[in-house]
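Trainee: Coordinates for the following, if possible.
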Amino acid sequence: MTSDTPQNPNPDVVEGEVVADPAQAPQTATTTPTGYIPPVPDPNYTEQGVPTFDFVRDKIENRIATAIGSEELAHATPEGQQVDEMMRKRDEAAKKKLDEIRKSMGL
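Mentor: This next block holds a predicted model:
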């Protein structure tokens, strides 16, 4: 296997352009002259690492909406309706038992 171009033993290495003077190299908007790219601050946190009020509120609202939606979906299924009926019967039986206990105690 002979060719005029050398084979790259490491495919993860990207060949770059050789520039005699780094100061004359074209600069992009995302790099600095040293090549360091500063991290972009997360708008959901302060510089001290504390979550913002809007971030926390949005997270809570999302969880509430998910819980409400899940409950609505659960009640819409036949299995969910069976569970509701079982809970209603259980609560009714518990109330009757509590009334019996109160009568036996003379309350």
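
Trainee: ok, which stretches of the protein are helices?
Mentor: With DSSP state H applied, the chain shows helices at 53-76, 78-105, listed in chain order.

Trainee: how about those in TSV, adding mean pLDDT, mean neighbour count and distance to G35?
Mentor: For every residue, glycine as well, the C-beta is placed using N, CA and C. Output for the helices of the chain, formatted as TSV (pLDDT from 0 to 100; neighbours: other C-beta atoms under 10 Å; distance: least, C-beta to C-beta, whole Å):
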stretch	mean pLDDT	mean neighbour count	distance to G35
helix 53-76	93	11	32
helix 78-105	93	10	58
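
Trainee: Dump these to CSV, plus distance to P38.
Mentor: What follows is those, written out as CSV (distance: least, C-beta to C-beta, whole Å):
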stretch, distance to P38
helix 53-76, 22
helix 78-105, 51
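
Trainee: Ok, which of those helices comes nearest V40?
Mentor: helix 53-76 (15.8 Å; C-beta to C-beta).

Trainee: List the contacts of that closest one.
Mentor: Taking C-beta atoms under 8 Å, 6 or more residues apart in numbering as the criterion, the residues outside helix 53-76 that touch it are N44, Y45, G80, Q81, V83, D84.
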